[in-house]
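Q: okay, structure incoming, though there's no sequence with it:
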C-alpha cells in the first residue's frame, strides 16, 4: 500500500481497506494493547500524517531541506516539554547547595504544577484525610525514610571517579545505598566510606571479582536496562581510559559492549542459579534483580521471587545511559507506574509479596513521586539524574562524548577538574525528598512508610486525565491494606547454605589452615547437586586475607565425582579445585584468581579429547586465574573472559564471545561463531582440519598463523602447564612434536586490541614504562579516532 493510499484513510478505515473488520480492530487493537488505554488508532493516524506532511508536503509548500528539531532529546524553546528545564535545574542546585528547603519547595512546585502532564503520576491525585490528617511529629522520621533511598546504577566509566565516589559517600552517610553500576570498583574504595553498598553484576561482568562481591551489602543482577531493555551496556572507546580499563579488566581505547543477558540466563532456572551463586559469594548480602517495566513483568517478578531474590527493582523507561542508541531510549520500556503496579499485584496474587522488597526507579524527582511509588507498591526508591544535577549536571546531553563540561560524565582529567559536587548536596536533596514525603503522609493520616505500601485506594484519577484508564492500576482497597503488602524478614527465602558441602565439610577441614594461612590439601567426594562448590569457602578466604594475598595452591581440594552447576564460581587466588570426573554448566563462572583442574578418571575407556567433560558457559566472566580442562567444553566457553588463562580440548558454538582479556587455548575443534564480539585477549586454536576460517566470526578479529617467537613460547608454556595439571594425552602428543604441530595453530586477536598492543610495545621499546606506554597509546588512539 503506497503512502497516498494510507493518507486516504483514517483510523479503522485503514484496516477495513486491507480486509480487517472494525469489530476485530476493537477487540484486538483498541484498549487491549495498553493496560491504561490512551491514544486511539485515529490519534496515531493523525500523528503519522502530520509527521509525513512535515517532511513531504504534498502541495510542495513549506518543505525545507532540514527537518526542524522537535526538542525530544535536547530542550528547545516552544517544543517538547521537559521536566528538567533551566528553571528546575537552577532551583534544585540552589536548594541542594545552600540547604534551603524553601527553595526546594519552589523546585518541587515547578515539577508538580497542575498543568504538568508529562508522567502518569502527574495525572493522579490523593485522597487526603478528611479530618485534617495527623501532626507531622507522629510521622516516621527523615533519617528512617532515607534508609530506603538509593542512587541509580551509574558505572565508574560512564561517570567520573569524583562523581561516583561523591554519591557513595553521601548515601553511606545517611544509611542509604549507592549503586556501583556495571563497571566494577577500584580495590582502594572497597574498604572505605567510598564503597558502593550495591554491587551490580551485569552480563558484562566488568570487574566482578571475589573481593568486589564480598564488599557488597546488596548484589544486583542487572537483567535489563530501563532505557533499553534487551540490550547490553555501552561504553564508547573514547571513555575507556587506562584507569577505567584496569578496573574493568579490559583494554584502554577499546569500546565495550555488554552481551545481552541471554548468554548465561536462558530461563528462570538459570537466573535462580546465579542468585544462588551470588548468595554463596557473599552470604550476608541481599540479592536483587533489576527488571524493566514491561507488559508481563508481574509474571517475571513472581518467578524471580520464587528463585530466591530478596529485592526486585522495577526500572522505568525514563533516564538511562548517555551511550544508549536514540532508537532504544525512545522506543522501549514503559513508565515505572505500570510495571510497578503489575509486579506488586502479581506478587500478592501468588502469595509472594512478603518474601521480597520492591524497589522502583526512573526519574524520581520529588517527595510526591516517592509517595505515588509507595502507594503503587514500592518500598525502596532509586534516584539517578537528580543526584547528578545536585552535583552540577546541567543536562548538556553529551554523556557519550566524554565532553561533559561539569566533570561528571567524563574521564577527561582536565574536565574532571571542573567537578564541584559535594556529598552534602546529595544528602540535602535526600533529606528534602524525605521531608516532603512526611508532609504528604501527615495529610493522609499515615504514620509509617510501610502503611503506605500498596494503598492505591488513596489515589484517584484526576478528571482532566483524558483517555487514560487507571482501573487496572488503582484496583486496591482500604481493606487490602495490611502486612501482606510489604516485605517481612521472617518470610525471606532460605538458601540453606548451612547444608552445603562448603559449610559442612570444607570449612571444617580447612578452618585451622585458613586461620593461619598454612598450606593444606583435602580430598572429598562430590555429586551434581553440590552447586557452587568452593564459592562459599572462597568468599571466606577473601574476607580473611583479601584479594591476591595467598600463593597459588595454598588450599587444594581434590574432588571426585560429578561437579554441580557453577563448580568453582568466583574462587580467589590461593584456592585450587581439582576434579576427577565431569562438571555441569557454569564451570569456573567468574573465576577470580583461583585454579581449576578437570580431567576424567584414570583408566577411562574413552579418549578425553573426543568427549564433553564440562557443560555450557564455562569460565563466563572470569577475571583472573587458570583453568585446565582435559576434554571438550560445551557452548559459550570463555564468554566475557577478561583475564583468566583457560585451556581445553575442544568447544561448542560461540566460544570466546565478548572476550576482553586473558588467554584461551583450544586443543581441538570449535563450533560456529567463534570470537563474536571479542574485543581483547588472545585465543590460540589447533586447526588440524583447516576449517576454522569457516567457523570464526570475523567482524572484530583477525586469524593468523602463530609465528611470533613470544607467542610460540607463551603457547607452549600454557600447553605444558595443562599437561602437568591434567596428564592430558593430547597435550603430551603436541608437546612431543611441537615443531610439527605449531603450523596447525591459529592465533585469533581483535583488530583494535592488536593495534593498541602494538603501539604499547613500540613505546616501551623507546624506554617508556608499561603504565606510561598504555596511557600514551590510549591518547594516540583517541586522537586518531
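A: Noted; the coordinates are in hand. Everything numeric in this text was worked out from a predicted model, so none of it was measured.

Q: please make it C-alpha for all contacts and neighbour counts, starting now.
A: OK.

Q: residue 402 touches residue 408, doesn't it?
A: No: contact criterion Cα atoms under 8 Å: residue 402 and residue 408 do not qualify, at 9.5 Å.

Q: which of those two has more neighbours?
A: Legend: neighbour count by other Cα atoms under 10 Å for residue 402 and residue 408, higher for residue 408 (30 against 22).

Q: give the contact list for residue 649.
A: 609, 629-633, 666-669, 730 (Cα atoms under 8 Å, 6 or more residues apart in numbering).

Q: and of these, the nearest to residue 83?
A: Checking those against residue 83 by Cα to Cα gives residue 633 as the nearest, at 51.9 Å.

Q: that closest one and residue 609, how far apart?
A: Residue 633 sits 10 Å away from residue 609, going by Cα to Cα, to the nearest Å.

Q: any residues in contact with both of these two?
A: Shared contacts of residue 633 and residue 609, defined by Cα under 8 Å, 6+ apart, comprise 649-650.

Q: can you pick out the residue with more neighbours from those two?
A: More neighbours surround residue 633 than the other of residue 633 and residue 609, with 31 against 22 (other Cα under 10 Å).

Q: so the more buried one sits right up against residue 608, yeah?
A: No: at 11.0 Å, residue 633 and residue 608 do not qualify as touching, with contact defined as Cα under 8 Å.

Q: all the strands of the stretch 401-550 of the chain, residue numbers only.
A: Applying DSSP state E, counting those that start in this stretch to the stretch 401-550 of the chain gives strands spanning 459-461, 520-526.

Q: what helices and strands are in contact with the last one?
A: Contacts of strand 520-526 with other secondary structure elements, assessed using 3 or more Cα pairs under 8 Å, 6 or more residues apart in numbering; DSSP states H and E, are made with helix 507-516, strand 555-563.

Q: so what strands line up beside that strand?
A: Strand 520-526 sits in its sheet next to strand 555-563 (parallel), going by DSSP bridges.

Q: neighbouring contacts of the partner strand?
A: With Cα under 8 Å, 6+ apart, strand 555-563 has contacts from 519-531, 533, 574-584.

Q: got the buried residues for that strand?
A: For strand 555-563, the neighbour count (16 or more other Cα atoms under 10 Å) marks 555-563 as buried.

Q: for that strand, what is the average pLDDT?
A: Here strand 555-563 scores 98 as its mean pLDDT.

Q: quick one: name whatever helix or strand follows the strand or helix carrying residue 143.
A: Using DSSP states H and E, residue 143 sits within helix 142-146. Per DSSP H and E, helix 142-146 leads on to strand 149-153 as the next helix or strand towards the C-terminus.

Q: show me what that next one is packed up against.
A: Strand 149-153 packs on helix 161-174, strand 177-179, strand 380-383, going by 3+ Cα pairs under 8 Å, 6+ apart.

Q: now do the longest one: distance to the chain's middle.
A: Shown here is helix 161-174, whose average C-alpha point lies 19 Å from the average C-alpha point of the whole chain (Cα atoms, centre = their mean, to the nearest Å).

Q: buried set for it?
A: Buried residues in helix 161-174, counted by 16+ other Cα under 10 Å: 161-172, 174.

Q: give me the residues contacting that helix.
A: With Cα under 8 Å, 6+ apart, helix 161-174 has contacts from 143, 146-147, 150-151, 154-156, 177-180, 193-197, 387-388, 391, 407-408, 411, 416, 419, 421-424, 426-427.

Q: in PyMOL, how would I select the buried members of these?
A: The buried residues among those can be selected in PyMOL (16+ other Cα under 10 Å) with this line:
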select buried, resi 146+147+150+151+154+155+156+177+178+179+180+193+194+195+196+197+387+388+391+407+408+411+416+419+421+422+423+424+426+427
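
Q: out of the helices and strands packed on strand 149-153, nearest to residue 618?
A: Going by Cα to Cα, the one of the helices and strands packed on strand 149-153 nearest residue 618 is strand 177-179, 27.7 Å.

Q: so for the closest one, mean pLDDT?
A: 98.

Q: for that strand, which helices and strands make contact with it?
A: Looks like strand 177-179 contacts strand 149-153, helix 161-174, strand 198-201 (3+ Cα pairs under 8 Å, 6+ apart).

Q: now the longest one against strand 149-153, angle please.
A: Relative orientation of helix 161-174 with respect to strand 149-153: 160 degrees, computed using axes from the mean of the first three to the mean of the last three Cα atoms, to 10 degrees.

Q: which of the helices and strands in this structure ranks last by mean pLDDT?
A: helix 3-7 (a mean of 33; mean pLDDT, DSSP states H and E).

Q: low-confidence ranges, this structure, go.
A: 1-33, 58-68, 70-73, 78-79, 226-232, 262, 319-328, 464-466, 476-483 (pLDDT under 70).

Q: longest helix of it?
A: helix 423-444 (DSSP state H).

Q: need the residues that contact that helix.
A: 95-97, 99, 101, 104, 127-129, 132-136, 138-143, 145-146, 149, 166-167, 169-171, 174, 366-368, 370-371, 387, 390-391, 447.

Q: what residues are up against residue 118?
A: Taking Cα under 8 Å, 6+ apart, one finds 81-83 in contact with residue 118.

Q: for residue 316, state which of those residues is nearest.
A: Closest approach to residue 316 among the contacts of residue 118 (Cα to Cα): residue 83, at 15.4 Å.

Q: contacting residues around the residue nearest to that closest one when sequence neighbours are not counted?
A: In this structure, residue 83 finds its nearest non-sequential neighbour in residue 111, 6.4 Å apart by Cα to Cα, 6 or more residues apart in numbering. Shown in contact with residue 111 (Cα under 8 Å, 6+ apart): 83, 88, 366.

Q: tell me, how many residues neighbour residue 306?
A: 17.

Q: for it, give its distance to residue 225.
A: 22 Å.

Q: would you map the strands across the stretch 151-300 of the chain?
A: So, for the stretch 151-300 of the chain - with DSSP E, counting those that start in this stretch - the strands run 177-179, 198-201, 218-222, 234-235, 256-257, 286-292.
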